[in-house]
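**Q** Sequence first, then the predicted structure, then my questions.
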Amino acid sequence: MDLKIRTCEVFFKVLYWPYVKNRLQVTESDELRGTLMTSSKKERFLIAGVGALVGIVSVLLVFFGNPANMGFCIACFLRDTAGALGLHQTAAVQYLRPEIIGLILGSFFMALGRKEFAARGGSSPMTRFVLGFFVAIGCLMFLGCPLRMVLRLAGGDGNALWGLAGFVMGILCGIFFLNHGYSLKRTYKQSFPEGTVLPIIEVLLLVLLVTAPALLHFTEAGAGPGGNHAPLLISLCAGLILGALAQRTRLCMVAGIRDFVLFREWTMLLGFAAILVSAFVCNLLASFWNPGFTGQPLSHTDGLWNALGMLLAGFGCVLLGGCPLRQLILSGEGNTDSAVTVLGLLAGGAFAHNFGLASSAGGPTTAGKAAVVIGLAVVCLIACVNTFVPKKQG
């Protein structure tokens, strides 16, 4: 019996695992840890625990000053960071978010400690930049990344249900192409310094934030979401802790649905559900729970464009191999392709506010609607080219 089991394991690793790896563009460290194979009870418990902690910390960040239902939002925080660096001039959303710095550095230190840091890249970086750009456009149409979508649901924002529906549809679109051979090609080993570029930039930004804040742009208190933030040290520590734990568990808002559909593997869905439940309970305890569709903080009631925005985000994230949170974590591990994706997200956030594409509480703009339609067309084109166009040999 042991021989038969061993034979099946060898068959899977030699013949089937390369096929799966090609579909999902998983990293070498993911492969070694077998995250797409059946997870142990310990692993599931860990992912559920980390998800619960994400929900708790997110509500605590709101308690300490972050915008309502926005303890964490990768797309919004990158947009705020772009404003702080002068990449857009929308005064209401300008603040160098320490949470982003913490997430990347937390992942970096955890990867170093676990000997999982591996500088690698070269897998269609410009395509990834474009995908990241349009994922940001979709998120800012909805007014939140996939993580904030869950936090909005936990806060009672019914409009996030439309976002969830679109998000699932987008993931299913991406899975269709995965099943037909979509690939952005392999990654290549790079030098250690190459993989540390983005973490070093984050350290420099932190030094700048602490020692020379006058060089940055900041939203005045009460003048917009950028003016609402928890104290720097609390925000930074929250990012460091969750960045380290997200690196350890490979937490991803896209992977749960994707892996369940492809492999009936529901482990990552535990993290998704744990965030929702823990944030919901904490919102109740803190009297932040506000059920309904109207009057929700940093939200609009246009269901169609909430859904289409998250459809674009979900579709693009599957093609990238992970949600915006996952891209930050991978960039901390030395993945330069994910670092390029983060730059695409940053550029998309800046572009959306420079050209009036981002939604507001009043609803989506005409330009924003056009940008989402264009984004869906571009992402679909990228998927088709990297799935159905024959690859030249040599």
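**A** Received the coordinates, thanks.
**Q** how about low-confidence regions in this structure?
**A** 1-39, 392-394 (pLDDT under 70).
**Q** For it, which segments count as strands?
**A** 120-121, 188-189 (DSSP state E).
**Q** Please name the nearest non-neighbouring residue to Ala246.
**A** Among residues not flanking Ala246 along the chain, Ile329 sits closest, at 4.9 Å (Cβ to Cβ, 6 or more residues apart in numbering). The way it works is simple: take the backbone N, C-alpha and C, and place the C-beta from them, glycine included.
**Q** can you pull the contacts of the one you found?
**A** Contacts for Ile329 (Cβ atoms under 8 Å, 6 or more residues apart in numbering) come out as 103-104, 107, 243, 246-247, 250-251.
**Q** quick check, nearest of these to Glu220?
**A** Checking the contacts of Ile329 against Glu220 with Cβ to Cβ, the nearest one is Leu103 at 25.9 Å.
**Q** can you pull the contacts of that closest one?
**A** Per Cβ under 8 Å, 6+ apart, neighbours of Leu103: 239-240, 242-243, 246, 325, 328-329, 332.
**Q** ok, the residue nearest to Gly170 when sequence neighbours are not counted to Gly65 distance?
**A** Excluding the flanking residues, the one nearest Gly170 by Cβ to Cβ, 6+ apart is Gly314, at 2.6 Å. According to Cβ to Cβ, to the nearest Å, Gly314 and Gly65 sit 30 Å apart.
**Q** For the two, indicate the residue with more neighbours.
**A** Neighbour comparison, Gly314 and Gly65: the larger count goes to Gly314, with 30 against 14 (by other Cβ atoms under 10 Å).
**Q** is it possible to export the contacts of Leu103 to JSON lines including distance to Leu96?
**A** Formatted as JSON lines, the contacts of Leu103 follow (distance: Cβ to Cβ, whole Å):
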{"residue": "Gly239", "distance to Leu96": "12"}
{"residue": "Leu240", "distance to Leu96": "16"}
{"residue": "Leu242", "distance to Leu96": "18"}
{"residue": "Gly243", "distance to Leu96": "16"}
{"residue": "Ala246", "distance to Leu96": "21"}
{"residue": "Leu325", "distance to Leu96": "18"}
{"residue": "Leu328", "distance to Leu96": "15"}
{"residue": "Ile329", "distance to Leu96": "20"}
{"residue": "Gly332", "distance to Leu96": "18"}
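**Q** Tell me which two in those are the farthest apart.
**A** Once Cβ to Cβ is applied, the contacts of Leu103 give Leu240 and Leu325 as the farthest pair, at 14.4 Å.
**Q** The closest residue to Ala238 other than its chain neighbours and Cys380: what is the separation?
**A** Closest residue in space to Ala238, ignoring its immediate chain neighbours: Val57 at 5.1 Å, by Cβ to Cβ, 6+ apart. Distance from Val57 to Cys380, counting by Cβ to Cβ: 36 Å.
**Q** Compare neighbour counts for these two and give me the winner.
**A** Applying other Cβ under 10 Å to Val57 and Cys380 shows that Val57 carries more neighbours, namely 23 against 15.
**Q** if we can go back for a sec, check the gap between the residue nearest to Ala246 and Cys380 for me.
**A** 27 Å.
**Q** re the thing from before, how about the contacts made by the residue nearest to Gly170?
**A** 146, 166-171, 173-174, 254.
**Q** got those as CSV, with distance to Gly368 columns?
**A** Shown next, in CSV, are the contacts of Gly314 (distance: Cβ to Cβ, whole Å):
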residue, distance to Gly368
Pro146, 19
Gly166, 15
Phe167, 18
Val168, 22
Met169, 19
Gly170, 17
Ile171, 22
Cys173, 20
Gly174, 22
Val254, 23
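**Q** Dihedrals phi and psi, the nearest residue to Asn283 once chain neighbours are set aside?
**A** By the measure of Cβ to Cβ, 6+ apart, the closest residue to Asn283 outside its immediate chain neighbours is Trp289, 4.5 Å from it. Its backbone dihedrals place Trp289 at phi -60, psi 120, with angles given as degrees, to the nearest 10.
**Q** Show me the helices in the stretch 251-394 of the chain, by range?
**A** Here the stretch 251-394 of the chain has its helices, by DSSP state H, counting those that start in this stretch, at 255-263, 267-285, 303-320, 324-332, 336-354, 366-388.
**Q** What's the local residue count around Phe142?
**A** If we define neighbours as other Cβ under 10 Å, then Phe142 has 33 of them.
**Q** now the nearest residue to Leu308 once chain neighbours are set aside: how far from Leu236?
**A** Distances taken as Cβ to Cβ, 6+ apart place Val372 nearest to Leu308, at 5.5 Å, with adjacent residues excluded. Per Cβ to Cβ, Val372 is found 33 Å from Leu236.
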